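> Following is a predicted model, sequence given first.
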Amino acid sequence: MTNGGFVYRGINALQAKINLIERLYEINVEDANEIDWEDLASAIGDVPPSFVQTKFYKLKAACVPFWQKKTFPEIIDYLYETSLPLLKEKLKKKMEKKGTKVQTPAAPKRVFLFKDIFYCEDDDSEGEDMEEQS
């Protein structure tokens with residue numbers, strides 16, 4: 001998908017984490033099962049939903065102490081109130097140090113079905129061809 005490049009490394013990875021925390025806080029759900037991971041993935045960038053779920057798991061496991069004993073809203077609140085300011089400060093320092101800009105997330109690519117690309121008038125036409133040959 002990225003032509004062999006690392007899209008979410010360094011500054012871009014920090015920005016992706018910040019975007020993820022902010023979006024999870026905005027949607028304000030009571031359980032992780034209520035999250036539309038596809039919608040969330042499109043907000044982060046052109047990444048699959050499983051990538052976003054993995055990022056979220058690693059984020060909560062690394063940043064939230066005793067996350068196994070907390071409810072989903074408690075985890076999101078902790079990330080938003082405690083981890084988010086730290087990540088923003090870290091991003092600011094890295095951007096000042098390197099003088100680089102954050103890469104904007106790519107827009108999701110449009111997906112086409114096979115039948116959208118190749119038009120077939122009627123599936124019965126194959127049966128008629130077979131009758132004509134015999």
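Right, received. Where do you want to start? Residues are numbered from 1 along each chain as shown.
> Look through the chain and tell me its longest helix.
For the chain, the helix that runs over the most residues, judged by DSSP state H, is helix 11-27.
> who touches Glu30 in this structure?
Residues in contact with Glu30 (C-beta atoms under 8 Å, 6 or more residues apart in numbering) are 72-73. No exception for glycine: its C-beta is placed from N, CA and C like everyone else's.
> The same query, at a cut-off of 6 Å, please.
Counting by C-beta atoms under 6 Å, 6 or more residues apart in numbering, Glu30 touches no other residue.
> in the longest helix of the chain, what's buried?
Residues of helix 11-27 classed as buried: 11-12, 14-21, 24 (neighbour count, 16 or more other C-beta atoms under 10 Å).
> Quick one: name whatever helix or strand follows that helix.
Next helix or strand after helix 11-27 toward the C-terminus (DSSP states H and E): helix 37-44.
> Now that following helix: buried residues?
The neighbour-count check on helix 37-44 (16+ other C-beta under 10 Å) flags 40-44 as buried.
> go on, stretch 61-77?
63-64, 67, 72, 75-76.
> The residues you listed into a markdown table, with extra columns for pLDDT and secondary structure?
Shown next, in a markdown table, are the buried residues of stretch 61-77 (pLDDT from 0 to 100; DSSP: H, G, I helix; E, B strand; the rest coil):
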| residue | pLDDT | secondary structure |
| --- | --- | --- |
| Cys63 | 91 | helix |
| Val64 | 92 | coil |
| Trp67 | 92 | helix |
| Phe72 | 92 | helix |
| Ile75 | 92 | helix |
| Ile76 | 93 | helix |
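> Using CSV, please lay out these together with distance to Ala32.
Shown next, in CSV, are the buried residues of stretch 61-77 (distance: C-beta to C-beta, whole Å):
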residue, distance to Ala32
Cys63, 16
Val64, 13
Trp67, 12
Phe72, 5
Ile75, 9
Ile76, 10
